[in-house]
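Asks: I'd like to go over a predicted model; first the sequence, then the structure.
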Amino acid sequence: MRGTLTEVPPVQRAILHALDLAGEDLRFWCGELTDAELNARPLEIAPVAFHVRHIVRSLDRLLSYAEGNQLSLEQITAMKAEMQPGATSKELFDELEGALDSSRERVLRFSEGDFSQPRGIGRQQLPTSLGGILVHVADHTQRHVGQAIVTAKIVKGKVS
């Protein structure tokens, strides 16, 4: 509804807008947090750093499945490290920007006519379609953006 990317087919446009909004919201709500605040675990909930890392790395994993690939050892190792403490703001937001840029390019490579092609997700190759994975890319990303924002507000002690 931004009136942008009008040259992009509607489904891909919606996904790209979700990714753009994710980057904007994370920078706005979490971009000024200190390294300690990014790694804080108030009430033992996952830290903002986890959500940012998880967004970045799950985008890569989901788009790999969308491309018809299995996960590499590097992707699996990165997934297992998402909860590790000690991330710096610079590291997180550099990784986020790179992932969003790469994800935009990867989403645009798909042809709208291929969205019904079958795909599998995970080790068990749960059945879905290319379109189903792409919609999940947007949905899953936005879900973790919301969790990161709530955690950032808790860390900052803000209720509104």
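Replies: Cool, the structure landed.

Asks: Would you state the helices of the chain in chain order?
Replies: 10-30, 35-39, 48-66, 73-80, 89-108, 130-156 (DSSP state H).

Asks: For those, could you give me TSV that also reports mean pLDDT and mean neighbour count?
Replies: Where you see a C-beta, it was placed from the backbone N, CA and C, and this is true even at glycine. Output for the helices of the chain, formatted as TSV (pLDDT from 0 to 100; neighbours: other C-beta atoms under 10 Å):
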stretch	mean pLDDT	mean neighbour count
helix 10-30	96	18
helix 35-39	97	18
helix 48-66	98	22
helix 73-80	96	12
helix 89-108	98	16
helix 130-156	97	18
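
Asks: Out of these, the one nearest Gly122 is which?
Replies: Distance to Gly122, taken as C-beta to C-beta, is lowest for helix 48-66 among those, at 7.9 Å.

Asks: Show me what the closest one is packed up against.
Replies: Here helix 48-66 touches helix 10-30, helix 35-39, helix 73-80, helix 89-108, strand 118-121, helix 130-156, going by 3 or more C-beta pairs under 8 Å, 6 or more residues apart in numbering; DSSP states H and E.

Asks: wait, which of the ones you listed is closest to His51?
Replies: Among these, helix 130-156 sits nearest to His51 (C-beta to C-beta), with 3.7 Å.

Asks: Using JSON lines, lay out the helices of the chain together with distance to Gln124.
Replies: Putting the helices of the chain into JSON lines (distance: least, C-beta to C-beta, whole Å) gives the following:
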{"stretch": "helix 10-30", "distance to Gln124": "25"}
{"stretch": "helix 35-39", "distance to Gln124": "32"}
{"stretch": "helix 48-66", "distance to Gln124": "12"}
{"stretch": "helix 73-80", "distance to Gln124": "15"}
{"stretch": "helix 89-108", "distance to Gln124": "23"}
{"stretch": "helix 130-156", "distance to Gln124": "15"}
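
Asks: contacting residues around the residue nearest the centre of the chain?
Replies: By C-alpha atoms, centre = their mean, the chain has its centre lying nearest to Ile55, at 2.8 Å. Applying C-beta atoms under 8 Å, 6 or more residues apart in numbering, we find Ile55 in contact with Ala22, Leu26, Leu96, Ala99, Thr141, His144, Val145, Ala148.
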